[in-house]
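**Q** Need a 3D model of the sequence below.
(one chain, ligands or ions: 1)
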Amino acid sequence: MKKIYQYSQSRALFERARRVIPNGIPGHFNPAVQKPAGTYPYFVARAAGARFWDVDGNQFIDYMCGYGPMILGYDNPVVEEAVRAQVSRSDTCSLASPIMVELAEFLVDLIPMADWAYFAKNGADATNMAILIARAATGRRKVIAIEGGYHGSSPWMQAPGRTGITAEDHAEILRIPWNDLAALHGVLDEHQGEIAAFIASPYHHPVNQDNQLPADGYWQAVHKLLKQHGIVSICDDVRAGFRLDMRGSHEYFGYTPDLSCYCKAIANGYPISALVGIDSLRDTAAAIFQTGSFWFSAGPMAAALVCLQELQRLDAPTRILATGRKLLDGLVNIAREHGHELIVSGMPSMPYLRLAHEDGIGFHQALCGECTRRGVFLTSHHNLFISAAHSDADLQLTWDVFDDALASI
Ligand SMILES: Cc1ncc(COP(=O)(O)O)c(C=O)c1O
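**A** So this is what the prediction gives:
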């Protein structure tokens, strides 16, 4: 029997937060998202390697990795030293720093389709910039996106019907199902000459649903059509970037977009995103106006450069994919021993798990909650993330906890 965690300090802090912050904690981290109620902590005290400690002193193996940014392990010494060295010279200043040029050069060398790179803060900055460039380059307004695909919380991207979002925000967005070439043909026929861009992640990783890889030949067929219609192809690699292939996840699936967006794992947790593009879009990229108060901060750029170098040195995507496969094989076997089918979808470095059960998703939510209360932090609504810091010892502990949690429900 594993120790069951209590979260009294987290709960007390959340009550304080609610008085001064709408909803207490925004987004995914809100207690209302983490079900069943009471099985998750709300506030972290510190983090190192593949683990974090909450404000009650409970220790967790983290399979959410900050929802993606952590890839080398928290408090990675190489990244932290590079940031310290950079910010002791300059960080946010009145001018850009040389590290911005070094980082752009590195990305242009690393990613075969990239002829230039722009930097911002969040993933949504990069996807918004990509849409602006596509519209400016084509003189068209409409954008094809995938049903359930997520590209940030900008109004055009939010699910229709969400608070504060208007019908006009979605007027130019054409949603089609993933892997559906007939639907793509349909919107292309219906909106001849109106479509600026096709934006999609390299594989489909929606929340609360099994994830889906591209069908054989899907990306190649999509790109043939996009070329015929003069539509800009945008790869949203914000989530999968550097967990499949250092050269971009499009390389893993064998296609070449015109623009590609990165964020999350690019700097092991430091705030920076990147948009890279092909030469023929360089002048349009130069003509658009996009900036922000902290877009030139040099510390995150130094973090990104060494993070990418470390990932390359470790051949991290191969390693993380292998760790993911090993973890998942073990979990599937343990579930089977308990008489359950654990359904794994997506890529092993970012797997989406769902335990098939006659009670529906509630059983899987309970299982993830019970794992978390025993020190293995996983969520039920979102894909997990594996990092280069997850060790064999972490996997063994995870399997033990998973076994105990399954026995408990
Ligand atoms: C595929 C994808 N695109 C874009 C974004 C938006 O990134 P951010 O939240 O940093 O704006 C996310 C965030 O989860 C994402 O997963």
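**Q** what's the burial count for the residue in the stretch 251-400 of the chain positioned nearest to the ligand?
**A** Going by C-beta to the nearest ligand atom, the ligand is nearest to residue 263 of the stretch 251-400 of the chain, at 4.9 Å. No exception for glycine: its C-beta is placed from N, CA and C like everyone else's. As a burial measure, residue 263 scores 27 neighbours (other C-beta atoms under 10 Å).
**Q** just residue 306 next, same as before
**A** Residues within reach of residue 306, counting by other C-beta under 10 Å, total 23.
**Q** Against residue 385, how distant is it?
**A** With distances defined as C-beta to C-beta, to the nearest Å, the gap from residue 306 to residue 385 amounts to 20 Å.
**Q** Then residue 189?
**A** When C-beta to C-beta is applied, the distance between residue 189 and residue 385 equals 39 Å.
**Q** Have a look at these two and say which one is more surrounded.
**A** Neighbours around residue 189 and residue 385, counted as other C-beta under 10 Å, are more numerous at residue 385. The numbers are 25 against 8.
**Q** ok now do the closest residue to residue 152 other than its chain neighbours, which residues does it touch?
**A** With C-beta to C-beta, 6 or more residues apart in numbering as the measure, residue 124 is the residue that lies nearest to residue 152, at 2.5 Å, once sequence neighbours are left out. For residue 124, the residues meeting the contact criterion (C-beta atoms under 8 Å, 6 or more residues apart in numbering) are 151-154, 157.
**Q** how does it look with 7 Å?
**A** Residue 124 makes contact with 151-154 under the criterion C-beta atoms under 7 Å, 6 or more residues apart in numbering.
**Q** Check the residues you listed and tell me the two furthest apart.
**A** In terms of C-beta to C-beta, these reach their longest pairwise distance at 151 and 153, which sit 9.2 Å apart.
**Q** So these two - more neighbours on which side?
**A** Neighbour comparison, residue 151 and residue 153: the larger count goes to residue 151, with 26 against 14 (by other C-beta under 10 Å).
**Q** Give the helix, strand or coil label for the more buried one.
**A** coil (DSSP: H, G, I helix; E, B strand; the rest coil).
**Q** State the number of residues packed around the residue lying closest to it once chain neighbours are set aside.
**A** Leaving aside its sequence neighbours, residue 151 sits nearest to residue 127 (C-beta to C-beta, 6+ apart; 4.2 Å). Summarising burial for residue 127: neighbours were counted as other C-beta under 10 Å, giving 27.
**Q** ok but residue 327 is inside a strand, no?
**A** No: residue assignment for residue 327, taken from three-state DSSP, gives helix, which places it outside any strand.
**Q** so how many other residues sit close to the nearest residue to it once chain neighbours are set aside?
**A** By the measure of C-beta to C-beta, 6+ apart, the closest residue to residue 327 outside its immediate chain neighbours is residue 395, 5.2 Å from it. Residue 395 is surrounded by 19 other residues when neighbours are defined as other C-beta under 10 Å.
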